[in-house]
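J.: Provided below are the primary sequence and the corresponding predicted coordinates.
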Amino acid sequence: MKLKLKSDYKPAGDQPNAINGLVDGIKKGYGKQTLLGVTGSGKTFTVANVIEQTQLPTLVIAHNKTLAAQLCNEFREFFPNNAVEYFVSYYDYYQPEAYISSSDTYIEKEAQVNNEIDRLRHACTQALLTRKDVIIVASVSAIYGLGSPKEYEQIVLHLRKGDVLDRRGMMEHLISMQFTRTTTDLTRGNFRMRGQVFEIMPVNEERIYRFEISKHIDHIELIDPVTRKIIHPDLEDAWFFPAKHYVASPEAREQAVGRIEAELKTQLALFKKQGKVLEHERLKRRVKHDVELIKNIGYCNGIENYSRLFEGREEGEPPFTLLDYFHYSSPDFLTVIDESHVTVSQVRAMYKGDRARKESLVEHGFRLPSAKDNRPLQYHEFDERTKKMLYVSATPNEYELGESEQVVEQIVRPTGLVDPEVVIRPITETKENPSQVDDVITEIQAQIKKG
């Protein structure tokens, strides 16, 4: 499906020239452009028109969750028939794991996950792997590790009516996808078996898929989990994606365990040589516990800290992020940095803070050295992965202006309104000039009289 913009308004003011200029720049192969638009000039509408005319899958990055949510809602109104998704951190509360050596204080990771945002994150990655008409509005979470898109796609389960089904094999496949078997109410990422009926609730939606099974799949229904009403009585097939982004095939898991044990052996030898008895025992106990969980259930808390070993990356090699899902799906995509004068600096700052915290954990035996590669992208890595960049700001910094091959201005608003006249009054109180408070009161009273 094509990206189709729907709006009651047509471009006006400086918007037509800005749209034409940016689209022309993309067609000419400009890697970076800046849209310099005053507040209220309709920059989001301009970007929406650029997306429609170029037909590029688009990643929009904002500097906080609130702005990202606002932009996502706007783009959903502009593109009601396309996949417009929201990708931000799924934590309502997050205290990262840390160690403060000066006070010998270990702070365990604490987090409260927002299940709805988790669902929306999965909807993002699934949209990228299944369609081209995609717009993702994200926060700086877009540069954090997310797991391999190849492993994620390879483990997808596709069930069709009439398929010959090994129920045990199906159950094992779901468990390998980090689904959980339950005998009570279904929630996202759970499944249950009752006689010949198999029910699954995907991680990206709150609806139940019910399968009636003999030796093959006889019937597939889609059901509302609250009312139990049938939404669709006879589906031909159903797709199920992993319940977590960090997943691995049994073969990859076995290889990862071997790498973890080898690195543990090396690090324990180093601690022993340095005479660090406490760190030696702490690391040994922790990693062996994690390895047992990975072997038995394929998952452990903090498994992302072993992501380099699961993915077979070299030391220092950047992690897989949302950007890799874009590249895996469609290498030719557009990246829009909203409020770039703030967002660029934020993206640039993420790596060093994370690195300092991880180095302390590794030094004191809480994590293996490979945990340092579970990290956000460095800015140059982010830059290398975004070949078509559009900075959007009313006040772009020198960096954006210097990097851009074209700066397109949007000064005249569609409404034709101009900025109000700036009136400067002295702050020193005199007979001619009342105090600031008196001046404000006088202006308020004058406005009240006007009605």
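T.: The structure has been received and is ready for your questions. Note that this is a predicted model, so its numbers are computed, not measured.
J.: is it fair to say Ala238 lies in a strand?
T.: Yes: when classified by DSSP: H, G, I helix; E, B strand; the rest coil, Ala238 is found to be part of a strand.
J.: Who does it form a beta bridge with?
T.: Counting by DSSP bridges, Ala238 forms beta bridges with Leu159.
J.: Now do the contacts for it.
T.: With contact set as Cβ atoms under 8 Å, 6 or more residues apart in numbering, Ala238 has these partners: 158-159, 200, 209, 220. Placement of C-beta: from N, CA and C, glycine included.
J.: are any of the residues you listed buried, and which?
T.: Among the contacts of Ala238, those buried by neighbour count (16 or more other Cβ atoms under 10 Å) are 159, 200, 209, 220.
J.: which residues in the chain form helices?
T.: When secondary structure is read from DSSP state H, the chain shows helices at 15-27, 43-54, 65-78, 115-130, 149-154, 167-176, 250-274, 277-297, 307-311, 322-329, 340-363, 379-384, 398-403, 436-450.
J.: Report all helices and strands that the second one contacts.
T.: With contacts defined as 3 or more Cβ pairs under 8 Å, 6 or more residues apart in numbering; DSSP states H and E, the packing partners of helix 43-54 are helix 15-27, strand 32-37, helix 65-78, strand 334-338, strand 389-393.
J.: so who does the residue lying closest to Lys244 once chain neighbours are set aside touch?
T.: Take Lys244 and drop its neighbours on the chain: the residue closest to it by Cβ to Cβ, 6 or more residues apart in numbering is Gln178, 4.4 Å away. With contact taken as Cβ under 8 Å, 6+ apart, Gln178 is in contact with 189, 242-244, 247, 298-299.
J.: can you pull the buried residues of stretch 248-265?
T.: Of the residues in stretch 248-265, those scored as buried under the neighbour-count criterion (16+ other Cβ under 10 Å) are 248, 252-253, 256-257, 259-260, 263-264.
J.: Let's have the contacts of Ala238 in CSV, adding pLDDT.
T.: CSV is the format used below for the contacts of Ala238 (pLDDT from 0 to 100):
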residue, pLDDT
His158, 91
Leu159, 90
Ile200, 94
Tyr209, 95
Ile220, 93
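J.: and which of those is nearest to Ile117?
T.: Relative to Ile117, the closest of those is Ile200; by Cβ to Cβ it sits at 21.6 Å.
J.: wait, what's in contact with the closest one?
T.: With contacts taken as Cβ under 8 Å, 6+ apart, Ile200 has the following neighbours: 174, 179, 186, 190-191, 208-209, 211, 238, 240.
J.: any idea how far His364 is from it?
T.: Distance check for Ile200 against His364: by Cβ to Cβ, to the nearest Å, it reads 43 Å.
J.: Equivalent analysis for Leu174, please.
T.: Taken as Cβ to Cβ, the spacing of Leu174 relative to His364 amounts to 39 Å.
J.: Have a look at those two and say which one is more surrounded.
T.: Under the criterion of other Cβ atoms under 10 Å, the comparison of Leu174 against His364 puts Leu174 first, with 21 against 18.
J.: Figure out which of the helices and strands packed on helix 43-54 is closest to Glu315.
T.: For these, the distance to Glu315 is smallest for strand 334-338, at 27.6 Å, taking Cβ to Cβ.
J.: what lines up beside the closest one in the sheet?
T.: Note on strand 334-338: by DSSP bridges, its sheet partners are strand 58-61 (parallel), strand 389-393 (parallel).
J.: Any figure for the gap between the closest residue to Leu309 other than its chain neighbours and Gly316?
T.: Closest residue in space to Leu309, ignoring its immediate chain neighbours: Arg259 at 4.1 Å, by Cβ to Cβ, 6+ apart. When distance is defined by Cβ to Cβ, Arg259 is 16 Å away from Gly316.
J.: wait, what's in contact with Ile155?
T.: The contact partners of Ile155, by Cβ under 8 Å, 6+ apart, come to 173, 176-177, 242, 247, 249.
J.: please redo it, this time with the cut-off set to 6 Å
T.: For Ile155, the residues meeting the contact criterion (Cβ atoms under 6 Å, 6 or more residues apart in numbering) are 177, 242, 247.
J.: Output the helices of the chain in CSV; the columns should cover mean pLDDT.
T.: What follows is the helices of the chain, written out as CSV (pLDDT from 0 to 100):
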stretch, mean pLDDT
helix 15-27, 97
helix 43-54, 97
helix 65-78, 96
helix 115-130, 92
helix 149-154, 88
helix 167-176, 85
helix 250-274, 93
helix 277-297, 93
helix 307-311, 91
helix 322-329, 94
helix 340-363, 93
helix 379-384, 95
helix 398-403, 96
helix 436-450, 88
